[in-house]
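> sequence-free structure coming up:
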């Protein structure tokens, strides 16, 4: 299993609207891609901003390519992100899961 991490931030005042967008449209692209095993979205408020950490789990790098394109390290954005994100991190991180316990 491969885990993909994306980080972003919005103004804290935009948190509810951005979360609604992510839940309604943004996350559906992940879920619709064959090989996606799950999504975890985390937030934390820091001063007047909200930070987001999106963790998606995948069966393989080929599954990630089906979602992200040939450069799996490139972050994927939607046109609506322009209204929320002050900056656009270009890269994401991937980790191979070697052990998992619950």
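Everything's here; your move. From a predicted model like this one, the values you see are computed outputs, not experimental measurements. Residues are numbered from 1 along each chain as shown.
> now the residue most central in space within the chain: how far from residue 63?
Centroid-nearest residue in the chain: residue 54, 3.9 Å away (criterion: CA atoms, centre = their mean). Noted for residue 54: a distance of 16 Å to residue 63, by CB to CB, to the nearest Å. All C-beta atoms are positioned from the backbone trio N, CA, C, and that covers glycine.
> Residue 87 now?
28 Å.
> Neighbour count for the two, which is higher?
Per other CB atoms under 10 Å, whichever of residue 87 and residue 63 has more neighbours is residue 63, with 20 against 7.
> which residues touch that one?
The contact partners of residue 63, by CB atoms under 8 Å, 6 or more residues apart in numbering, come to 2, 33-36.
> how about a cut-off of 10 Å?
2, 4, 33-37, 56-57, 72 (CB atoms under 10 Å, 6 or more residues apart in numbering).
> Provide the secondary structure category for it.
Here residue 63 is recorded as helix under DSSP: H, G, I helix; E, B strand; the rest coil.
> Run a quick neighbour tally on the closest residue to residue 76 other than its chain neighbours.
Leaving aside its sequence neighbours, residue 76 sits nearest to residue 68 (CB to CB, 6 or more residues apart in numbering; 5.3 Å). For residue 68, the neighbour count with other CB under 10 Å is 18.
> residues contacting residue 68?
Residue 68 touches 4, 33, 58, 61, 74-76, 92, counting by CB under 10 Å, 6+ apart.
> As a check, name the ranges of all helices in the protein.
15-21, 27-31, 61-68 (DSSP state H).
> Pick out the least confidently modelled helix or strand of this protein, by mean pLDDT.
Using mean pLDDT, DSSP states H and E, helix 27-31 stands out as the lowest-scoring helix or strand of the chain, at a mean of 88.
> Show me what counts as buried in it.
27, 30 (16 or more other CB atoms under 10 Å).
> on contacts alone, who are the packing partners of it?
strand 36-46, strand 49-58 (3 or more CB pairs under 10 Å, 6 or more residues apart in numbering; DSSP states H and E).
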